[in-house]
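[1] the following block contains a protein sequence and its predicted model.
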Amino acid sequence: MDLVVLNSQFSPDIALENAERILAENADLVMMFQTYAQVASVISTRARGRRMPLIAIEMPHPNAIYFGVDNCHAGLTAGRYLAQWAEQHWKGQVDVDLPPFLRQTVKTQNPMNGEMSHGFVT
């Protein structure tokens, strides 16, 4: 078995070049650990077109086996426990107010199932 390891050097363009190189090698299995959502679908489409199984580490890729944390679930779980703790210890009254510049709400889409989530950027 040969193992090919490439470094994307924190560049989505290089990540895509590396994926092309691995796909050109006709690998039996491709494991991608790159964090650029803008190239994830391109990489997975090309791997699927060559019938190569793809394991996506940390950043979900469409049609790939995902190996990583479900950040949406982790954040919701942490938020629920934090709210429960605040209710028990502070009777639900929080004496800290976020300044307006920290109250920016964001909408994100879960790449695994397409669901939309709302939250705050801090």
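    Ah, there it is. Keep in mind that what you see is a predicted model, and the values were worked out from it rather than measured.
[2] low-confidence ranges in the chain?
    Residue ranges of the chain with pLDDT under 70: 95-122.
[3] tell me which stretches of it form strands.
    Assigned by DSSP state E, the strands in the chain fall at 30-32, 54-57, 65-67, 105-109, 116-120.
[4] nearest residue to residue 50 in space, please, no chain neighbours.
    The spatially closest residue to residue 50, leaving aside those adjacent along the chain, is residue 23, at 5.6 Å (Cβ to Cβ, 6 or more residues apart in numbering). Just so you know, the C-beta spots here come from the backbone N, C-alpha and C atoms, and that holds for glycine as well.
[5] quick check: the gap between that neighbour and residue 6.
    Per Cβ to Cβ, to the nearest Å, residue 23 is found 12 Å from residue 6.
[6] ditto for residue 43
    To residue 6, residue 43 is 12 Å away according to Cβ to Cβ.
[7] more crowded one of the two?
    Neighbours per residue (other Cβ atoms under 10 Å) separate residue 43 from residue 6, with residue 43 holding more: 26 against 14.
[8] ok, and the closest non-adjacent residue to the more buried one?
    residue 19 (4.4 Å).
[9] returning to that earlier point: next, the contact list for the residue nearest to residue 50, please.
    Contact analysis of residue 23 by Cβ atoms under 8 Å, 6 or more residues apart in numbering lists 30, 46-47, 50, 52.
[10] helices - which of those residues land there?
    46-47 (DSSP state H).
[11] nearest to residue 12, of the contacts of residue 23?
    For the contacts of residue 23, the residue nearest residue 12 by Cβ to Cβ is residue 46; the value is 14.4 Å.
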